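**Student:** return a 3D structure for these sequence lines:
(one chain, ligands or ions: 1)
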Amino acid sequence: MSAKVWLVGAGPGDPELLTLKAVRALSEADVVLIDDLVNDAVLEHCPGARIIAVGKRGGCRSTPQAFIHRLMLRYARQGKCVVRLKGGDPCIFGRGGEEAQWLGERGIETELVNGITAGLAGATQCAIPLTLRGVARGVTLVTAHTQDESSLNWQALAQGGTTLVVYMGVAKLCEIREQLLAGAMPAETPVAMIENASLAHQRECRSTLMAMVEDACAFALKSPAILVIGAVAANPSCASDPARQGALFSVAHVGSQHA
Ligand code: SAH
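**Tutor:** This is a model prediction of the structure:
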């Protein structure tokens, strides 16, 4: 009996951003365990499968991870084709690595299928180039939600010279600002806050490091949202309006003087 679990990324929400491989895995699935950030629209690719919602959004009633592990194991041992469908990419703040390891230790083969992670999707949907020649030579993906606050070196991030993409940051805006300012990131550093990236109800709020807490409050920013912090977040239409690219580069220049 071939026991196998697919750990599949459903992408950020827009069903058209699903990969062909994810569609194939879904079409072969007997059982699909879905997280609550997965857009139900992608389930049209698995009409015959049993769908089990195992979401665990912060603050809501959650399904314990151990229970999810056992469900995957049980169905896999029954010889069912199991798809564990996660928002974005299964291995970006998605516990894909943990689940693959846990199943592997019990002799269950896993196959990981990439999804487009929310941070990359959100930026691109807002025409923010996360890397830009002469402006940002790299991108750093971080989560603001950690058990141990001290485990992330925000000071180093403030001085790293890469665009920062922050997941799970909505409830931590004050702390993020405080830490990055303490790390000498310039107060005028541009920030984009992108809610429901790639979905029809996507919203974006442009701000600066100094103003982002107040602006997010006025905007009523809600989770799920990502933050893009860095010079590339300066201009809403940098990709389409050459006249405004000048503004982007001048902000980048101000930022680099502090770097
Ligand atoms: N594995 C997922 C991340 C899960 S962590 C991925 O690769 O995208 C959950 C966090 O992801 C949310 O708190 C939010 O910060 C971000 N997120 C997920 N979907 C999002 C969306 N459509 N728009 C904005 N942020 C999103």
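
**Student:** contacts and neighbour counts: CA atoms only from here.
**Tutor:** OK.

**Student:** where does the prediction get shaky in the stretch 151-259 of the chain?
**Tutor:** Residues of the stretch 151-259 of the chain meeting the criterion pLDDT under 70: 235-259.

**Student:** residues in it within reach of the ligand, list them.
**Tutor:** Tyr167, Met168, Ile194, Glu195, Asn196, Ala197, Ser223, Pro224, Ala225, Ile226 (C-alpha under 6 Å from any ligand atom).

**Student:** Leu20: neighbouring residues, count only.
**Tutor:** Counted with other C-alpha atoms under 10 Å, the burial measure for Leu20 works out to 11 neighbours.

**Student:** give me the phi and psi for it.
**Tutor:** Leu20 adopts backbone torsions of phi -60, psi -30, taken as degrees, to the nearest 10.

**Student:** kindly provide the distance from it to Arg84.
**Tutor:** Distance of Leu20 to Arg84, given as C-alpha to C-alpha, to the nearest Å: 16 Å.

**Student:** related to what we said a few turns ago, among the residues of the stretch 151-259 of the chain next to the ligand, which lie within helices?
**Tutor:** Within those, no residue falls in helices by DSSP state H.

**Student:** once you drop chain neighbours, what's closest to the residue positioned nearest the centre of the chain?
**Tutor:** Residue closest to the mean C-alpha point of the chain, counted by C-alpha atoms, centre = their mean, is Ala118 at 3.4 Å. Of all residues not flanking Ala118 in the chain, Pro12 sits nearest, at 4.9 Å (C-alpha to C-alpha, 6 or more residues apart in numbering).

**Student:** enumerate every residue touching that neighbour.
**Tutor:** Counting by C-alpha atoms under 8 Å, 6 or more residues apart in numbering, Pro12 touches Leu37, Val38, Gly87, Gly88, Gly115, Ile116, Thr117, Ala118, Ala121, Ala197, Ser198, Leu199.

**Student:** isn't the fourth one right up against Ile116?
**Tutor:** Yes - Gly88 lies in contact with Ile116 (C-alpha atoms under 8 Å); the separation is 5.2 Å.

**Student:** so what sits against both of those two?
**Tutor:** Residues touching both Gly88 and Ile116 by C-alpha under 8 Å, 6+ apart: Gly9, Ala10, Gly11, Pro12.

**Student:** just those residues that are near the ligand?
**Tutor:** Answer for the shared contacts of Gly88 and Ile116 near the ligand (C-alpha under 6 Å from any ligand atom): Pro12.

**Student:** in a markdown table: the shared contacts of Gly88 and Ile116, plus secondary structure.
**Tutor:** Shown next, in a markdown table, are these (DSSP: H, G, I helix; E, B strand; the rest coil):
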| residue | secondary structure |
| --- | --- |
| Gly9 | strand |
| Ala10 | coil |
| Gly11 | strand |
| Pro12 | coil |
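
**Student:** and the contacts of the strand or helix carrying Ala100?
**Tutor:** Per DSSP states H and E, Ala100 falls inside helix 96-105. Contacts made with helix 96-105 from outside it, assessed by C-alpha under 8 Å, 6+ apart, are listed as Leu7, His69, Leu73, Pro90, Cys91, Glu109, Thr110, Leu112.
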